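# sequence? don't have it. structure:
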């Protein structure tokens, strides 16, 4: 699993960070940093919750092929 961030859609609202603070961090300038682009598969529920919480749909998941 890989976290995909579309920076052009991200408003830095921090909803993802609230769901998974060790995976996402909103910087002082409002930009988002994904702290772990390839989290373990057992964290899928947490990553999906963070993606679902994003009001601008800037986050998505890509599965490894």
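Structure received. Note that this is a predicted model, so its numbers are computed, not measured.

# Show the average pLDDT along the host helix or strand of residue 50.
Remark: residue 50 resides in helix 44-53, with elements defined by DSSP states H and E. Here helix 44-53 scores 97 as its mean pLDDT.

# buried set for that helix?
47, 50-51, 53 (16 or more other CB atoms under 10 Å). C-beta here means a position set from N, CA and C on the backbone, and glycine is covered the same way.

# now, among those, which is nearest to residue 64?
residue 47 (13.4 Å; CB to CB).

# Switch the buried residues of helix 44-53 over to TSV; also include distance to residue 41.
Converted to TSV, these look like this (distance: CB to CB, whole Å):
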residue	distance to residue 41
47	10
50	15
51	15
53	20
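
# which among the residues you listed gets closest to residue 59?
Using CB to CB, residue 51 comes nearest to residue 59 of the buried residues of helix 44-53, at 4.4 Å.

# From the contact counts, what lies against the helix holding residue 50?
Here helix 44-53 touches helix 15-19, strand 59-62, going by 3 or more CB pairs under 8 Å, 6 or more residues apart in numbering; DSSP states H and E.

# What ranges in this structure fall below the confidence cut-off?
65 (pLDDT under 70).

# Contacts only, for residue 41.
residue 1 (CB atoms under 8 Å, 6 or more residues apart in numbering).

# ok, and residue 29, which helix or strand is that part of?
For residue 29, there is no helix or strand it lies in under DSSP H and E.

# for it, what are its contacts?
Applying CB under 8 Å, 6+ apart, no residues contact residue 29.

# what's the spacing between it and residue 62?
26 Å (CB to CB, to the nearest Å).

# again with residue 45
Counting by CB to CB, the gap from residue 45 to residue 62 is 17 Å.

# and what of residue 23?
Residue 23 is 15 Å from residue 62, by CB to CB.
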